[in-house]
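1. with the sequence up front, the predicted model follows.
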Amino acid sequence: MPLAPVARGAAGLAALFLLLEAITRAELVNPVYLPPASTVVATAARLLLDPVFLASVGGTLVAWGLGLAAAAVVAVPLGLLLGASRRAHAATAAAIELLRPIPSVALIPLAILLLGRGIDMRVALVAYAATWPLLFNTVYGAHAVDPVALEMARAYGLGRWAVARHVAFPSALPFVLTGLRISAAIALILAISTELIAGGGAGLGTWMLSSSQTGVPRELLYAGIVVAGLLGLVIDRLMLVAERRLVAWHPRLRAA
Amino acid sequence: MTARGLGLRLSVLLGLIAAWQVAATLAASPALWPPFTTVAGRLWEAWITDPAAWVESIAPSLGRLLAGWAGAAVVGIAAGTLIGLNRTVRDYLDPAMAFLRAIPPPVLLPLFIVLLGIGDAMKAALIGFGAVWPILLNTADGVGSVEPLHRDTARAFRVPRWTVLWRIVLPSAAPRIFAGLRLAMGIAVILMVIAEMVATLDGVGFELVQAQRSFRMVDVWATILLLGLMGYGLNAALALVERRVLGWHRGATATAT
């Protein structure tokens, strides 16, 4: 009898775990450096109840949330403007094309020198990295507004602001939310990377940095990786659920 | 493009540079806020026109970047094709892949250092691990959404499976695959920089951290601009390849920009 997709998925996860367990139990690498997968998973479960560890995760989430919010405040209105105005789009094209390829992590050393190692440095870097996917998706969404709907709204005498509020924004919203989900993943990478490089302050990256020092059992470090993966997964799934709920009316999702 | 159009396109960029120059001059603390002209001059003499910098830093960085990215392309396209063609395989692998993909790649640095040391292999592996996901997922989507009529026609004419794969499935998935390759390039640049910042003795990322640790602000700015130029150049090169390979495709001009 063929398995249901959920059972298949669970079998796949179990196989991944058994593979890692077999590799680690074979002790190809000294088990002091590479403890068995089961030990790591048990440690991760224990960490999820450890208040000190949870405070670090909370620290990372604060920088993540503030940075993502700042990016949304800047990128969404700017994206709608660039999507609606051909002139604004042309004027910013060269600046955006040259700024975008600058890898966000390359700004960490600069931000350390200018802003120190505190929370504002982390938030600034997270915001910078999270701005781009949001901006591009919003512009794309604003371009994808149905021209007939725009014409009609104008024909009924709606002003510029009303058109933006009732026609352009709702129809761009699904794209904005997709951008937000991509940005959320990148923001998490940046939040943890800044902590790994700059240290200082409570955060998952800082916690991992101190667990990677000699003398600390390795399974703690690897359990941190497992928790980081779970965190990324939970954020992604929550965003996906929110996305489906908020724009359930949209034809793109209705068709699916 | 008309002179007016060009002027409009460059206006914000030139405005930003002018604002930087004026603000830096007014701030009058060149140690912290060097003017644009100083930074551009440093970029020119310490990086672009210095053969040693190319050999000792830029070449190793590009080598790691391209090795990781190319490895991700091979694995991502192969696995993506398999998953896209076979619903059952996809069901088995989906949750495991979702978990692996959700791990922010920088946290894997300590693990990769234990497994592979701090050499080029570790960096290429880290870059590859981060860059593989967009290629894999885009390939799977592209392969999975081949026009059914094309596939049915091939079947009706009893075209061999490999020929179907090479002549129909992969070409029709190519635009999506290239979209994945472009996303992967952006991720690869980020991971190259971070791997070089944490564990290495050469490369552009290493020079950047050295400049920061010794408070050489002009070098920090110049190296950031260099990394921006590298990212820009890699994107442009990839867009060029894409336009060549996808020249036959209707949407090529739209996707190549």
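-> Cool, got the structure. Numbers count the residues shown, from 1 in each chain, chains lettered A, B, ... in the order given.
2. could you point out which element follows the helix or strand A:Ala130 falls within?
-> Element membership for A:Ala130, per DSSP states H and E: helix A:119-143. Once the chain leaves helix A:119-143, the next helix or strand it forms, by DSSP H and E, is helix A:147-155.
3. look up phi and psi at B:Gly203.
-> Main-chain torsions, B:Gly203, degrees, to the nearest 10: phi 110, psi 160.
4. so it touches B:Glu196, yeah?
-> Yes. Taking contacts as C-beta atoms under 8 Å, B:Gly203 lies within contact range of B:Glu196: 4.0 Å. (Each C-beta comes from the backbone N, C-alpha and C, glycine too.)
5. that older thread, which strands or helices does the helix holding A:Ala130 pack on?
-> helix A:51-84, helix A:107-115, helix A:169-198 (3 or more C-beta pairs under 8 Å, 6 or more residues apart in numbering or on different chains; DSSP states H and E).
6. which parts of it are buried?
-> A:119, A:121-142 (16 or more other C-beta atoms under 10 Å in any protein chain shown).
7. list, one by one, the residues from the stretch 51-200 of chain A near chain B.
-> When proximity is defined by C-beta under 8 Å from any C-beta of the partner chain, the stretch 51-200 of chain A lies next to chain B at A:87, A:90-95, A:97-110, A:112-114, A:185, A:188-189, A:192-193, A:196-197.
8. repeat the analysis, applying 7 Å as the threshold.
-> A:87, A:90-95, A:98, A:101-107, A:109-110, A:112-113, A:188-189, A:192-193, A:196-197 (C-beta under 7 Å from any C-beta of the partner chain).
9. need the buried ones from those residues selected in PyMOL.
-> In PyMOL, this line selects whichever of those come out buried by 16+ other C-beta under 10 Å:
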select buried, chain A and resi 90+91+92+93+94+95+98+101+102+103+104+105+106+107+109+110+112+113+188+189+192+193+196+197
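10. B:Ile224 and A:Ile108 touch, don't they?
-> No. B:Ile224 is beyond contact range of A:Ile108, at 10.1 Å (criterion: C-beta atoms under 7 Å).
11. the more surrounded of the two?
-> A:Ile108 (25 against 22; other C-beta atoms under 10 Å in any protein chain shown).
12. which residues sit in contact with that one?
-> The contact partners of A:Ile108, taken as C-beta atoms under 7 Å, 6 or more residues apart in numbering or on different chains, are A:Leu125, A:Thr194, A:Ile197, A:Ala198.
13. which two from the residues you listed end up farthest apart in space?
-> The largest separation in these, counting by C-beta to C-beta, is between A:Leu125 and A:Ile197 at 10.1 Å.
14. just to confirm, which helix or strand has residue 40 in it?
-> Assuming you mean chain A. Going by DSSP H and E, A:Val40 is in helix A:37-47.
15. look at chain B instead
-> Going by DSSP H and E, B:Ala40 is part of helix B:36-42.
16. is that helix anywhere near chain A?
-> No. If you take C-beta under 7 Å from any C-beta as the test, helix B:36-42 misses chain A, and the best it gets is 11.2 Å.
17. could you point out which element follows that helix?
-> helix B:51-53.
18. shared neighbours, B:Gly203 and B:Glu196?
-> Contacts common to B:Gly203 and B:Glu196, judged by C-beta under 7 Å, 6+ apart, are B:Ser61.
19. mind telling me which residue of the stretch 51-200 of chain B is nearest chain A?
-> B:Ala102 (3.2 Å; C-beta to the nearest C-beta).
20. neighbours around the residue lying closest to that residue once chain neighbours are set aside, how many?
-> Spatially, and ignoring its direct neighbours in sequence, B:Ala102 is nearest to A:Gly232 (3.2 Å; C-beta to C-beta, 6 or more residues apart in numbering or on different chains). Applying other C-beta under 10 Å, we find 23 residues neighbouring A:Gly232.
21. and the one 10 residues further on, by the same measure?
-> By the other C-beta under 10 Å criterion, the neighbourhood of A:Ala242 contains 13 residues.
22. quickly find the element holding B:Lys202.
-> I think there's a mix-up here, since residue B:202 is Asp and not Lys. Going by DSSP H and E, B:Asp202 is not in any helix or strand.
23. quick check: it touching B:Ala59?
-> No. Applying C-beta under 7 Å as the test, B:Asp202 and B:Ala59 come out as separate, 9.4 Å apart.
24. for the residue in the stretch 151-256 of chain A positioned nearest to chain B, list the residues it contacts.
-> Nearest residue of the stretch 151-256 of chain A to chain B, counting by C-beta to the nearest C-beta: A:Gly232, 3.2 Å away. By C-beta under 7 Å, 6+ apart, A:Gly232 lies in contact with A:Ala185, A:Leu188, B:Ala102, B:Ile103, B:Pro104.
25. centre of the chain versus the helix or strand containing it, how much separation?
-> Using DSSP H and E, A:Gly232 sits in helix A:218-246. Helix A:218-246 sits 10 Å away from the centroid of its parent chain (C-alpha atoms, centre = their mean, to the nearest Å).
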